[in-house]
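Participant: attaching a predicted model along with its sequence, questions to come.
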Amino acid sequence: MEILCLDMEGVLTPEIWEAVAEHTQIPELLKTTRDIPVYDDLMRLRLKVIAEHDLSMSLIEEVVAGMDPLPGAVDFLSWARSRFQIAIISDTYYQFAMPLVEKLGGPLLLCHNLEVENDRIVGYRIRQPDPKRRSVQSFKSLNYRVFAVGDSYNDVSMLEEADAGFFYRAPGHVRDEFPQFEAAEDYPALQDLLEAAARQHRA
């Protein structure tokens, strides 16, 4: 049995924090794991910025409600479901992500939780340490063959742990640092990489 583990933002959907940054015109919120590799450092920056600007959870939910999956993502997932079990392994939050996950057809989502008080985000709870690697390890312990796709620094542990891992539209500096992972720039090319990997592992 095979399972395909996919990052969400940048692979299937736009970056939520980038959309919030554009809506609020707060440039500090444009930073993602492509810019700051240590996730806790990135989240501390985000919490500091939203507190300084007194951004409400309701406003962020409003931004997310207006977002859609990336062009072609729904068709790609339809193709993928016909060949693999699907799990989205993301460093997003259930409170943000579920409207987008519903637009993707409701695949399994493993991510984190926000701490919200009086319509303000005051903290966050990581599902477990090194969650992307641990998710792949858990699937492998259930005798799944695991393929993984991500776009950023925080996906590298998932790609390393998988039987085959690939970058999708990752920035050049990330690809250059991890040349061992083949990369695709569009969904048809990603499908080709996944098909080839599946054939190799089934042989």
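Facilitator: Nice, I can see it.
Participant: and Glu195, what does it touch?
Facilitator: Arg83 (Cβ atoms under 8 Å, 6 or more residues apart in numbering). Heads up, the C-betas are built off the backbone N, CA and C, glycines and all.
Participant: and if you look at Glu61?
Facilitator: Contacts of Glu61 by Cβ under 8 Å, 6+ apart are Gln95, Phe96.
Participant: element containing it?
Facilitator: helix 57-65 (DSSP states H and E).
Participant: check Gln180 too.
Facilitator: Taking DSSP H and E as the definition, Gln180 sits outside all helices and strands.
Participant: any idea how the protein splits into domains?
Facilitator: The record assigns the chain these domain ranges, following automatic domain parsing: 2-13+70-114+125-202, 16-65.
Participant: most tightly packed of these?
Facilitator: Most buried of those by mean neighbour count (mean count of other Cβ atoms under 10 Å) is domain 2-13+70-114+125-202; its value is a mean of 18.
Participant: which intervals of the protein have sub-threshold pLDDT?
Facilitator: The model of the chain has pLDDT under 70 over residues 203.
Participant: in it, which spans are helices?
Facilitator: For the chain, helices defined by DSSP state H occupy the ranges 16-24, 39-52, 57-65, 73-81, 94-103, 131-141, 156-161, 172-177, 187-202.
Participant: no further queries at this time; thank you.
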